[in-house]
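what's the 3D shape of this:
(chains A, B and C)
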Amino acid sequence: MNYWLMKSEPDVYGIEDLKRDRTTVWDGVRNYQARNFLRSMVPGDRVFFYHSNTTPPGIVGLMKVAEPNVIDPTQFDAKSKYYDPKATKDTPRWQTVIVAFVETFPQIITLDTLRETFSPDDLWVVRQGNRLSVMPVPEAVAEQILKQAKG
DNA sequence: GCCAACGTTGGC
DNA sequence: GCCAACGTTGGC
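Predicted coordinates for the structure are as follows:
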């Protein structure tokens, strides 16, 4: 089983939304490195839910991969901000996953705390200027985050 | 293939 | 709202 971290702005789609929906298509990723990570996810992989562009930013809970290799439907939707005119049904460009809610942590693990605990090489989200929205998390780091989440 | 311009992300 | 960092685009 692999561990990952994915970002979302809570004003757009936060962990409370996922808790309500139970599952969701993680659409709108339009970065090739992030997409390649999405492509390599398998069912059961654990994904930390990170709230970005909010105060404070940080890890707020856990999800799991429910269905891998899902074609992002927004790439075909001309009205979507994620519309990609170069994508066709025969040759889609953007794959993603369906995630399922697992838990909301009792309290957020803030970016400040993550910076104190982990090095940028171990946890990419603490790298300066990091804009990648999907990234792998080493197992040892993931276990430490989970331990921290339980208090 | 280089790189300047541009748009976006995301912390603060 | 500001702006640094960074990915993408497009002219050459």
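
ok and the residue in chain A nearest DNA strand B?
Proximity of chain A to DNA strand B (Cβ to the nearest atom of the strand) peaks at A:Pro57, 3.5 Å away. Using the backbone N, CA and C atoms, a C-beta is placed for each residue, glycine as well.

pLDDT wise, what is that residue at?
You'll see A:Pro57 listed with a pLDDT of 97.

pull the contacting residues for the nearest residue to it once chain neighbours are set aside.
Leaving aside its sequence neighbours, A:Pro57 sits nearest to A:Leu111 (Cβ to Cβ, 6 or more residues apart in numbering; 4.7 Å). The contact partners of A:Leu111, by Cβ atoms under 8 Å, 6 or more residues apart in numbering, come to A:Pro56, A:Pro57, A:Gly58, A:Val125, A:Val126.

name the helices or strands packed onto the helix ranked longest in chain A?
Ordering each helix of chain A by length in residues (DSSP state H) puts helix A:139-149 first. With contacts taken as 3 or more Cβ pairs under 8 Å, 6 or more residues apart in numbering; DSSP states H and E, helix A:139-149 sits against strand A:3-8, strand A:46-51, strand A:58-71, strand A:95-110, helix A:111-117.

any weak-confidence spans in chain A?
Within chain A, no range satisfies pLDDT under 70.

phi first, then psi, for the residue with the largest distance to the centre of it.
Farthest-out residue of chain A from its mean C-alpha position, per Cα atoms, centre = their mean: A:Asp90, at 26.5 Å. A:Asp90 adopts backbone torsions of phi -80, psi -30, taken as degrees, to the nearest 10.

how close does it get to A:Pro56?
Between A:Asp90 and A:Pro56 the computed distance is 44 Å (Cβ to Cβ, to the nearest Å).

returning to what we had before: tilt between the longest helix of chain A and strand A:3-8?
60 degrees (axes from the mean of the first three to the mean of the last three Cα atoms, to 10 degrees).

okay, the contacts of A:Leu111 in CSV with neighbour count next?
Shown next, in CSV, are the contacts of A:Leu111 (neighbours: other Cβ atoms under 10 Å):
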residue, neighbour count
A:Pro56, 11
A:Pro57, 19
A:Gly58, 21
A:Val125, 23
A:Val126, 18
